[in-house]
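*Asks:* model this:
(chains A, B, C, D and E, ligands or ions: 5)
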Amino acid sequence: MTLALRQPSVIPGFGITLGFTLFYLGLILLIPIGAFLLYTAQMSWADFWQAVSHRQVVASYKLSFGASLIAALLNLVFGAIVAWVLVRYRFFGKRGIDALVDLPFAMPTAVAGIALVTLYASTGWVGQYLEILGLRVAYTQLGVVVALTYIGLPFVVRTVQPVLEDLDRELEEASAILGANRLTTLRRVILPALLPALLTGFALAFARALGEYGSVIFIAGNLPFRTEITPLLIVAKAEQYDYPGAAAIGTVMLLAAFVLLLLINALQWWTARHTRR
Amino acid sequence: QQAVTLLNVSYDPTREFYREYNNAFAAHWEAETGQRVTVRMSHGGSGSQARSVIDGLDADVVTLALAYDVDALHDRAQLIPEDWQTRLPQNSSPYTSTIVLLVRAGNPKNIRDWDDLVRKDVQVITPNPKTSGGARWNYLAAWGYALEKYGDEAKAYEFVRDIYANVPVLDPAARGATNTFVQRRIGDVFIAWENEAFLSVEQLGRGQYEIVVPSVSILAEPPVTVVDRNVDRKGTREPAQAYLEFLYGETAQRLAGKHYYRPSNPGILAEFSDRFPEVKLHTVDDWFGGWRNAQDTHFNDGGVFDRILAEIH
Amino acid sequence: MSSLASPIHPLSSEAPAWQRATEEPAWIRRLLIGIALTFLGLFLVLPLAVVLYGAFEQGLQVWYAAITEPDALAAIRLTLLVVAIVVPLNLVFGVMAAWAIAKFEFRGKSVLITLIDLPFAISPVVVGLIFVILLGSQGWLGPWLAEHDLRIIFAVPGIIIVIAFGTMPFVARELIPLMQQQGKEEEESSLTLGANGWQTFWRVTLPNIKWGVIYGVILCNARAMGEFGAVAIVSGRIRGETNTMPLHIEVLYNEYLFTAAFAVSSLLAGLAIVTIAVKSLVEWRDERQRHPAAA
Amino acid sequence: MSIEIEHINKRYGHFVAVDDVSLSLPEGQLTALLGPSGSGKTTLLRIIAGLEFPDSGRIRFHGEDATDVHVSRRGVGFVFQHYALFKHMTVFDNVAYGLTVKPRRLRPGKAEIRTRVMRLLELVQLDWTANRLPSQLSGGQRQRIALARALAVEPKVLLLDEPFGALDAKVRAELRRWLRRLHDEIHLTSVFVTHDQEEALEVSDRIVVMNQGRVEQEGTPEEVYDHPANPFVFSFLGQVNLFHARVQDGQARIGDLALPTSTPEDQPQGHGLAYVRPHDIEILPDGSAQGALAAVIEGITVVGPTARLELKVAGGKDLIHAELPKSRLRSLGLSRGSDTWVRPLNSRVFMDNGTRATG
Amino acid sequence: MSIEIEHINKRYGHFVAVDDVSLSLPEGQLTALLGPSGSGKTTLLRIIAGLEFPDSGRIRFHGEDATDVHVSRRGVGFVFQHYALFKHMTVFDNVAYGLTVKPRRLRPGKAEIRTRVMRLLELVQLDWTANRLPSQLSGGQRQRIALARALAVEPKVLLLDEPFGALDAKVRAELRRWLRRLHDEIHLTSVFVTHDQEEALEVSDRIVVMNQGRVEQEGTPEEVYDHPANPFVFSFLGQVNLFHARVQDGQARIGDLALPTSTPEDQPQGHGLAYVRPHDIEILPDGSAQGALAAVIEGITVVGPTARLELKVAGGKDLIHAELPKSRLRSLGLSRGSDTWVRPLNSRVFMDNGTRATG
Ligand SMILES: Nc1ncnc2c1ncn2[C@@H]1O[C@H](COP(=O)(O)OP(=O)(O)OP(=O)(O)O)[C@@H](O)[C@H]1O
Ligand SMILES: Nc1ncnc2c1ncn2[C@@H]1O[C@H](COP(=O)(O)OP(=O)(O)OP(=O)(O)O)[C@@H](O)[C@H]1O
Ligand SMILES: [Mg+2]
Ligand SMILES: [Mg+2]
Ligand SMILES: O=S(=O)([O-])[O-]
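*Replies:* Ligands and ions are numbered 1, 2, ... in the order given. Below is the predicted model:
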């Protein structure tokens, strides 16, 4: 038999919808990215390596990856709690709080950055009290983490929430009947069921945080080696007319994003295979 | 005659000045030629503005923070001839400025001159010279001062390094740095263009800041030029040229003074003498043998500034 | 939220002596709610409050003056124009992509889904850079574009392209799981009843995905209005011409016009709130439609 | 372990889900809770398990009050309709779960757990699936694993909520026979919920018929089937034919047919309805027998050994359903459209005023 | 309209879902596609509907090739297992849909549509639900609406995929009788898929038994039940008992019982298995009859009028299932543990080498 590209179907519109999808993707996404990668590929390996492995750049990776990781972890923990609370408990103002979770999607990142620095600077509403505790947020690596936590917040909540809503109560009941206490049930039944969603949300928050620019530069301090994120370095390179250098670092970021997405999809594919009903 | 539109691509601190100047020029030009002219403005960091023009932003004229950025228009895209700087008087800088030190009211840290900036107890705010044109002037001013004082490149290096070791926040552009110092109250001293320093004092908090003029500083020459390739294509050379030349006229010079730039016309500069104290000013050419040289030595990747950063952190 | 239908006792309930099988003790419940509210308060509510406070600190008049100032109006107009082009494009794309992915089996589907997700993960800065490199006058297509006097970058089309790029996944991501979950049976029964493809789409599919479409459009719209990093690189920042609202906010901020900056920000924040309110309404109605008995 | 249910009430808002139910479920027996959808079966079962809390009333296990004992300490096994297996655990881990979550001092050793789990898997005849994930099993297999899991903690009581509800007709029939045999082997006090009367009749030792939160009748399958307490139970347990009847002098008269009522003393008099099961409708070759009604055959369906007839009685407007062995249908030589005679052999008469039963 | 299915094949990847199926479905009859899960029933039905494309083979409607006719022009009514009602439309709009999407020149007027829809809703006895949304109906009601919707376009062929699969036992039994009556009224060529043999036997005019993508047997319910073509069909249609048998001279011998085989000429000789249905096991009070086997009663279940026995034959290891009227059980006076005698009344013998049938 022939290796058909697709299985025949009576539902119409395959050609036109897939055609348009590929056309649009190609035009807006693939051709530009392809061109960009080609542009980078024109560099010699030595130049490329030098651009992406310079000490300052490496320091920025450390910050970007490190802060993104911490922010994504924070979101993982608190996002899971928020999702749990929103799904499982009733309390005053729940619907409003639930709605608010999407705010970071909708707020322009620059506005978020300005608002956050106003809030967390040592003169700010929150910063002044943190200052008393000896905690400096604005212009430190902590500030980067704060901004990245803000922008990644919806991802974990929004991926975990539906799964938690669909989570069969009977599983928890079965566990309780078998003698498990609440903590054991959480650890051995609920968390494993939420794990794929948690990881997906984590990876999305992480990927988004890696590339974030607008909100971070306001609160970061931008000191090379200390509070300078990789996207800022890309901008800096471009502004020094060093497009190849910027493109090289950009390529590293692009690949990191791509790998993360592949991981997410592999994870989803894996769970779909292993827990299909 | 058909109305004409010019695009002036400039850097951040010139907004207020050009807002007034554009009206003055439009009136002047219409009176002279009967042609209406509208000038559109684009502001941003000097370097990024130059990059935009190189990448195709349709500027008729550029009015940037430093000659190096304008040189790039020639070097990278042949938009202007190499000798662009000789086409207008005073190195194509109709107004100048210098670098001063802005401190908080009462000067609590008692900052008098550049030397105080290397003190361990002083926090210095200045933007990142890699991304901010203005910040390069700051850097070079400090370097020049040290060179002058110690007569030794190595000493100068240490001096500048010690200043940057006191910098807690390195904003990408000058305006961001101003906000850091003023809004967020970070740092004890802000290295700023004289015009920016005045603006801060006037606009952001009268009585909250003081300007300290150092003993030696640099003559900041923000240059202007017509972007030949663009004006030729658009047929706007004439008004563009006039637009820049009018900057040297009395009206414009007074406006510059009003907006805290030092007019290049000595007579008008004198009118503002209460505002602009005498300082010993050196040019980039004096100290560094031109912008290209300064850039190559200090700011390019692997340059002195990178070494400083690497050493600090 | 379907959770409401399941037997959970509210905090207030006459706390029984025993603990329910799938419920935590009251103190843990309160603790978790407390943690969640603190976290959301610090990260969501306070920043929003800062913006609104900044915007209205000096009174309504100042606020009104700031948002009706010509450059602000120009920025608003530009943003609306961009959104009016980008959102429909991404809507059509999202619906088409979701249709192809949810209703058909074909090779390379998972690659396609990954590609659709990609813009989520790419740094806006890189997006800007990509288009400068491709379309800038030093870039590959730049000279050709210049020759034909086509202005894309540093003009409205460039802004539209980068925003379209960044907001591409929103509608599609909303619809793909929804349509996959809904399956094909309703479409198939429409076809067996003699309807053609268009009739099936308009009369059966669309009503079913309506709320998903609306939610996707709302998010896409909000994100398109707020896009900053990429636009900053390709806009050229010509006052009153290529400054979108976020760029204009930055300009105002850099001009030390903080109140004005916050005023324009408050428009976007207000939009975000409206967005969110509409979305809640959407969910609420959806929920009522699915469980009419519960209401 | 016997279970006593005493005056259990449960409301959801204003809706009464369980209405003053008292029951005594004897030790070692398999009891079916039978009733239509929404009759409160699941709610009652969950109350017994401790998953739901009654608004009032008591549950006693072997005389001891268990009402306030937490579900995790009640020692019941529970099997859910949709299995509720832990998807991310292998079959082995699922079955072992209840043992591994025991407090450390009560927890059996690894080897001991292994032996017990494998013994249970053998009991449900699925030892070869130990390393699979639930998703790799068929529905019937999953249900048996769910049962093994519930049995692993050696519960004193086994509760099953529509254990076969999600299965195919054939698998279902097999599994319910299997459950019966298993129950005979392990002799736990078991309660299972079903809405399928055949399932209840076939599998259980006792049947509790529920309706609208109340218990309508309780007894052995035969008691319930042969002596339904009221019209609801009668019609819920299978198809019925209704005949108008006059009750007088301890007799119910349908037309000129007199049927004796079972308890002749102190009978009410008046009009009632006689309930007759299809297999209690006798098909007669001629009208000679007393009380026979003339009828026309409107439809014949043969299902295996049984023939089902739909008949129309002269003058009546409802169809009468009759059931007889296929062999008898053949010997009578009947086919669609044939004229024939029918006579109720056995009936139960309920008076118009409701549930008081006579015939 | 008759349907001819000719050499239909359908694969998914390397998996053969429908394997060279040829069938002829006569006009006006209700045919059941019966088979275990995964046997290709749904796939075949969808191919008939035009929802799936066969890899090879032809479908003819009344002799005319319909293989390449698009589903929307094939004129079939299709009822999905889970109803597939349009959730956002009222019941009325659902039923009217097929009429309102007709091309303008063929579309009936508003009033006409209204009449037709209401007539259909009356037909399915749900005219009072016209303004409700599907979510406000019970499962059985939804299924009837789905049927009304399918009928609205006056299809020439009606196809139903497990129409009662999602329903409760009682509702299911009612609805299938109702479907039978409806079919007798409207007399469409109908095909329905089921895996419940009782449903197939009760409702259909013809049964097609499928297994692993192939047709195992085709015929009227009685033909299929009484003369199963092979062991698969035999066991799929109900419970069976297996006896070892020797086939010789046109006779099958089980122990010393000789059963005549139905087609005595040209018979194979050798060892085979005799398949006997539970109701074909005769229970005898004593061992006097020829061929009777001594047995012990291991279990008795009474389900309504029928008693089911589990017996163990002396020396045998498998249980034998027998079914007899409850009255006969009483008259025999049997109970658990009683000794008794059994004798197969009727059997079908299949040779060891597979499907070739004898007795
Ligand atoms: N958590 C709840 N909140 C509100 N009402 C409920 C809840 N649980 C059950 N009910 C209602 O209580 C009644 C009895 O429900 P229950 O589940 O016990 O019925 P059931 O006999 O098991 O029916 P089924 O055969 O459909 O499972 C139903 O009318 C149901 O709607
Ligand atoms: N789209 C598909 N892709 C791959 N395999 C399929 C597809 N559809 C059906 N199959 C396979 O074809 C076989 C026949 O499926 P079909 O749905 O026709 O079975 P069925 O007899 O209707 O079973 P059931 O009673 O479970 O509905 C099954 O093994 C199924 O897994
Ligand atoms: Mg129930
Ligand atoms: Mg099927
Ligand atoms: O605008 S600056 O480039 O001078 O910062």
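*Asks:* And the residue of chain B closest to chain D?
*Replies:* The nearest approach of chain B to chain D comes at B:His313, 45.9 Å away (CB to the nearest CB). Glycine gets a C-beta too; all of them are placed from N, C-alpha and C.
*Asks:* got a pLDDT number for the nearest residue to that residue once chain neighbours are set aside?
*Replies:* Once flanking residues are discounted, B:His313 sits nearest to A:Phe225: 3.3 Å by CB to CB, 6 or more residues apart in numbering or on different chains. The model reports A:Phe225 with a pLDDT of 87.
*Asks:* likewise C:Leu4?
*Replies:* For C:Leu4, the model assigns a pLDDT of 31.
*Asks:* D:Leu201 too?
*Replies:* For D:Leu201, the predicted pLDDT is 90.
*Asks:* neighbours around it, how many?
*Replies:* Using other CB atoms under 10 Å in any protein chain shown, D:Leu201 is surrounded by 23 other residues.
*Asks:* Help me confirm that it comes into contact with D:Thr220.
*Replies:* No. Between D:Leu201 and D:Thr220 there is no contact under CB atoms under 8 Å: 10.0 Å.
*Asks:* intersection of neighbour lists for those two?
*Replies:* Residues touching both D:Leu201 and D:Thr220 (CB atoms under 8 Å, 6 or more residues apart in numbering or on different chains): D:Ile207.
*Asks:* Name all residues that make contact with B:Gln241.
*Replies:* B:Gln241 is in contact with B:Val226, B:Val231, counting by CB under 8 Å, 6+ apart.
*Asks:* Repeat the analysis, applying 6 Å as the threshold.
*Replies:* Listed by CB atoms under 6 Å, 6 or more residues apart in numbering or on different chains, the contact set of B:Gln241 reads B:Val226.
*Asks:* And it, which helix or strand is it part of?
*Replies:* helix B:237-245 (DSSP states H and E).
*Asks:* tell me which residues of that helix are tucked away?
*Replies:* B:Arg237, B:Pro239, B:Ala240, B:Gln241, B:Ala242, B:Tyr243, B:Leu244, B:Glu245 (16 or more other CB atoms under 10 Å in any protein chain shown).
*Asks:* now, which of those residues sits nearest ligand 5?
*Replies:* Nearest to ligand 5 among the buried residues of helix B:237-245: B:Leu244, at 19.6 Å, using CB to the nearest ligand atom.
*Asks:* how much space between that closest one and B:Val224?
*Replies:* According to CB to CB, to the nearest Å, B:Leu244 and B:Val224 sit 5 Å apart.
*Asks:* doesn't B:Gln35 fall inside a strand?
*Replies:* No. In this structure, B:Gln35 is coil, not part of a strand, as judged by DSSP: H, G, I helix; E, B strand; the rest coil.
*Asks:* Next up, phi/psi of D:Ile283, please.
*Replies:* With angles defined as degrees, to the nearest 10, D:Ile283 shows backbone torsions of phi -100, psi 120.
*Asks:* Any idea what it is bridged to?
*Replies:* When bridges are called by DSSP bridges, D:Ile283 pairs up with D:Val342.
*Asks:* Tally up the residues packed near the residue of chain B closest to chain D, please.
*Replies:* Neighbour tally, B:His313, other CB under 10 Å: 15.
*Asks:* what does D:Ala252 give?
*Replies:* Number of residues near D:Ala252 (other CB under 10 Å) recorded here: 24.
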